[in-house]
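Enquirer: Sharing a sequence plus its predicted fold:
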Amino acid sequence: MTASPGRSAAAPADRYAVVGNPVAHSRSPAIHAMFAAQTGQHLAYERLLAPLDGLAATLAAFAAAGARGCNITVPFKFDAFALAARPSERARLAGAVNTLRFDADGWAGDNTDGAGLVNDIQQNAGRPLAGLQVLLVGAGGAAAGVLGSLVAARPACITVVNRTPDKAQALVAAHARLGQALGVGLAAATLADAPAAQQVVVNATSSSLAGAAAPVDARVLAPGALALDMMYGAQAQGFLDWAAAHGAVPRDGLGMLVEQAAEAFFFWRGVRPDTAPVLAALRGAP
Ligand code: ATR
């Protein structure tokens with residue numbers, strides 16, 4: 001009996017990874033395994049720990065071994081931007097890359113964090129952003145990755161507040177032209193001067209790592225506001241408890257994580273997975 005050519009079964013799986021430091025905690029392998037099973041894509045997705053001074057060498061070795069692409073996580077998103085020969089428009093706006101595709105004619109870079117956040121807010125949490133007042137707390141890498149997509153969703157205005165106000169001003173300045181073009185008001189302020197009664201509040205700071213609840217006063221929350229922390233698990237709990245205690249609807253970053261992964265999957269494979277069952281499975285997991 002002749003062996004079946006069965007290309008997809010016999011061919012080795014296309015390799016991808018999440019690259020970071022640390023990376024052992026990452027839930028991306030589980031997410032992409034579910035996407036692959038759901039869409040019938042033949043791929044393998046692993047975790048890759050890169051030395052803090054060794055991102056370029058780690059990526060070069062992974063690509064040379066035949067891998068097709070990777071996700072980039074903390075603390076390498078800015079470094080990855082520098083390594084992408086062809087960054088997408090939204091990656092350029094963020095100055096950061098969280099997804100690389102190892103194309104033969106140069107690595108393509110994208111940043112799917114902002115689309116992930118906006119999709120989670122609008123589709124999963126059911127809050128269309130158009131016309132709303134939005135507060136973005138933080139002006140580091142996480143905030144930079146999402147501001148462009150928030151602007152593109154056309155809320156009435158976005159205020160960026162940060163412990164170091166200069167960084168909030170710089171982030172707003174970098175997005176000023178886009179805000180003007182889309183009619184979205186953009187402002188920067190200190191944490192203490194954060195505007196009151198915002199309908200959507202996004203915590204993009206790492207303050208919860210130190211066990212703090214929220215770096216802003218509860219007056220920023222309009223009744224029933226959506227208060228989203230980009231972190232999940234124990235790291236988000238302080239902020240979520242604070243939000244719930246002040247009449248807001250708390251939401252962690254797990255939905256954003258799944259949505260940004262779906263955008264990355266599409267960037268690599270040209271196939272869009274269904275995120276709902278994957279998010280439900282993650283929420284059900286211990
Ligand atoms: P990330 O990539 O996670 O965004 P980052 O670029 O180091 O990490 O940014 C961390 C963000 O959390 C910054 O906005 C930081 O404020 P500063 O720019 O003033 O440093 C904010 N942050 C960290 N700890 C904080 C705290 N205890 N209170 C308020 N903001 C804090």
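Expert: Done, it's in. Residues are numbered from 1 along each chain as shown.

Enquirer: Look up which residues are beta-bridged to G109.
Expert: Beta-bridge partners recorded for G109 (DSSP bridges): P87, L100.

Enquirer: Now for it, how many residues are close by?
Expert: G109: 26 surrounding residues under other C-beta atoms under 10 Å. In short, each C-beta sits where N, CA and C put it, glycine included.

Enquirer: any idea how far it is from L117?
Expert: 18 Å (C-beta to C-beta, to the nearest Å).

Enquirer: And for V200?
Expert: 10 Å.

Enquirer: Likewise for F35?
Expert: Taking C-beta to C-beta, one finds F35 at 18 Å from L117.

Enquirer: This protein: strands as residue ranges?
Expert: 14-20, 43-49, 69-72, 86-87, 99-101, 108-110, 133-137, 157-162, 185-190, 198-203, 221-229, 249-251 (DSSP state E).

Enquirer: what about the chain, any weak spots by pLDDT?
Expert: 1-9, 209-211, 285-286 (pLDDT under 70).

Enquirer: Could you name every residue contacting both of V200 and L117?
Expert: Common neighbours of V200 and L117, counting by C-beta atoms under 8 Å, 6 or more residues apart in numbering, are L228.

Enquirer: which parts of the protein sit against the ligand?
Expert: Applying C-beta under 6 Å from any ligand atom, we find that the chain lies next to the ligand at 74, 138-142, 162-164, 167, 205-207, 210, 212, 215.

Enquirer: Just the buried ones among these, please.
Expert: G138, A139, G141, A142, N162, R163, K167, T205, S206, S207, P215 (16 or more other C-beta atoms under 10 Å).

Enquirer: Which residue, other than its chain neighbours, is closest to the fourth one?
Expert: If the residues on either side of it in the chain are set aside, A142 comes closest to A204, at 4.2 Å by C-beta to C-beta, 6 or more residues apart in numbering.

Enquirer: tally of neighbours for the one you found?
Expert: Neighbours of A204 (other C-beta under 10 Å): 26.

Enquirer: and the residue in the chain positioned nearest to the ligand, what is it in contact with?
Expert: The nearest approach of the chain to the ligand comes at G140, 1.9 Å away (C-beta to the nearest ligand atom). Residues counted as contacts of G140 (C-beta under 8 Å, 6+ apart) are N162, K167, A204, T205, S206.

Enquirer: L55 contacts P75, doesn't it?
Expert: No. At 9.3 Å, L55 and P75 do not qualify as touching, with contact defined as C-beta atoms under 8 Å.

Enquirer: out of those two, which sits in the busier spot?
Expert: The residue with more neighbours, out of L55 and P75, is L55; 20 against 14, by other C-beta under 10 Å.

Enquirer: Report the separation between the more buried one and T275.
Expert: Look at L55 and T275: by C-beta to C-beta, they are 28 Å apart.

Enquirer: Same check on L93?
Expert: Taking C-beta to C-beta, one finds L93 at 24 Å from T275.

Enquirer: Once you drop chain neighbours, what's closest to the residue nearest the centre of the chain?
Expert: Centroid-nearest residue in the chain: D113, 2.5 Å away (criterion: C-alpha atoms, centre = their mean). Spatial nearest neighbour of D113, excluding adjacent residues (C-beta to C-beta, 6+ apart): G145 at 3.9 Å.

Enquirer: Provide a list of residues in contact with G238.
Expert: G238 neighbours (C-beta under 8 Å, 6+ apart): S208, G211, A212, A213, A214.

Enquirer: my bad, A96
Expert: A96 touches K77, F78, A80, F81, N111, G141, A144, G145, counting by C-beta under 8 Å, 6+ apart.
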